[in-house]
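A.B. asks: only geometry, no sequence info:
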Ligand SMILES: [Zn+2]
């Protein structure tokens, strides 16, 4: 594909933005996505990549005309069939030599008229989107923004946000440049990279001011592990009871107030919906597995928190998201306390093929 000089500049700008907003203050693991567009092409972050690792070559170029085909087709009601169809349409829209799979949120990026879109899941923001009074607080603090009640990620989310953007446009004769998603994160859109930075900086400072007013620390205090020998012993025990100690990796940190339920899609994907609390004996973990359908990804035993996974990276990310979740819960106290995802929302993510694809790529 021939890309013009202008496109090169755009790709360079979105790459820099991706790296800037790819830090742990904004996303963890493969979370979040970015895009840049001209009239005919949208370049989006592919599924299975991380924001901080993006280069100008990693972005996948999509024919916007073909993406718009998505808005016309009748999609099956059954979620997995629907997502499969959407995936096919998206694959056909790919025009770059790089045949990577576009992020499932790509059509949503296309729905913004703004040139740049940066979508992230910052704990600072999720302290509000995962809080009982989130919606009201958001309307007070960010009156120009659009708030979206929780909706299953993927195609459904894209279509709902698309409609809401249209409604907003009708009402205010402009598009929203900040879209907050309940129990998920935020979309920020603008015509320049500088404006993206300005909007984000305003979001973060406004929220930090609120946390300060409520006397809530915006970082998590994680003291060093008091007894590393004990931690190693429990880690070995976890590997033993996992049923396959060669395929079980464990990471750990000292006591944090881990989340007791599902906070957002990313938390469910990397840390699973519920932690295991107590001594990880074979009998107890088996009982947990039978009830929840999975071996625990986060285990709290004595004063230590463990992340587990089938690779070193997965164990690390399970623990990272456990820490992020602990911070989100701490922050949500400023806005009426935490609000978990519903069972239906949680189950959708637990069964979501697209997300599991993403996880295997990271
Ligand atoms: Zn997201």
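C.D. replies: In hand now; what should we look at? Computed from a predicted model, the values in this text were never measured in an experiment.

A.B. asks: which residue ranges form the helices in the stretch 51-200 of the chain?
C.D. replies: 64-68, 79-93, 106-111, 123-129, 134-141, 155-172, 193-213 (DSSP state H, counting those that start in this stretch).

A.B. asks: pretty sure residue 350 contacts residue 268?
C.D. replies: Yes - between residue 350 and residue 268 there is a contact under CB atoms under 8 Å: 6.5 Å. Any C-beta I mention is one placed from the backbone N, CA and C, and that applies to glycine too.

A.B. asks: So which of those two has more stuff around it?
C.D. replies: Between residue 350 and residue 268, counting by other CB atoms under 10 Å, residue 268 is the more crowded of the two (25 against 17).

A.B. asks: packing partners for the host helix or strand of that one?
C.D. replies: Assigned by DSSP states H and E, residue 268 falls within helix 265-271. Applying 3 or more CB pairs under 8 Å, 6 or more residues apart in numbering; DSSP states H and E, we find helix 265-271 packed against helix 312-332, helix 343-350, helix 353-361.

A.B. asks: count of neighbours near residue 335?
C.D. replies: Neighbours of residue 335 (other CB under 10 Å): 26.

A.B. asks: could you measure the closest residue to it other than its chain neighbours against residue 188, distance?
C.D. replies: Nearest residue to residue 335 in three dimensions, chain neighbours excluded: residue 131, at 3.5 Å (CB to CB, 6 or more residues apart in numbering). Shown here: residue 131 relative to residue 188, a distance of 20 Å by CB to CB, to the nearest Å.

A.B. asks: who's more crowded, these two?
C.D. replies: More crowded of residue 131 and residue 188, by other CB under 10 Å: residue 188, with 29 against 25.

A.B. asks: That one and residue 117 touch, don't they?
C.D. replies: Yes - look at residue 188 against residue 117 with CB under 8 Å: they come within range, at 7.3 Å.

A.B. asks: which parts of the one helix or strand residue 17 maps to are buried?
C.D. replies: Taking DSSP H and E as the definition, one finds residue 17 inside helix 5-20. Of all the residues in helix 5-20, those buried under the rule 16 or more other CB atoms under 10 Å are 7, 10, 11, 13, 14, 15, 17, 18, 20.

A.B. asks: Could you tell me the end-to-end distance of stretch 128-146?
C.D. replies: Length of stretch 128-146, first residue to last, CA to CA, to the nearest Å: 14 Å.

A.B. asks: cool, and stretch 55-73?
C.D. replies: Using CA to CA, one end of stretch 55-73 lies 33 Å from the other.

A.B. asks: Same question for stretch 54-70.
C.D. replies: 26 Å.

A.B. asks: domain parsing for this structure?
C.D. replies: Annotated domains of the chain cover 5-213, 228-361 [automatic domain parsing].

A.B. asks: Among those domains, which comes closest to residue 220?
C.D. replies: Of all the domains of the chain, domain 228-361 sits nearest to residue 220, with 4.6 Å by CB to CB.

A.B. asks: That closest one: how far from the chain's middle?
C.D. replies: Relative to its chain's centre, domain 228-361 lies at 16 Å (CA atoms, centre = their mean, to the nearest Å).

A.B. asks: tell me the mean pLDDT over it?
C.D. replies: What domain 228-361 shows for mean pLDDT is 92.

A.B. asks: Stretch 173-184 too?
C.D. replies: Taken as a whole, stretch 173-184 has an average pLDDT of 98.

A.B. asks: from the chain's centre, how far out does that stretch sit?
C.D. replies: Using CA atoms, centre = their mean, the distance from the centre of stretch 173-184 to the centre of the chain it belongs to is 15 Å.

A.B. asks: Quote the end-to-end distance of that stretch.
C.D. replies: Start-to-end, stretch 173-184 (CA to CA) is 27 Å.

A.B. asks: Cool, thanks, talk later.
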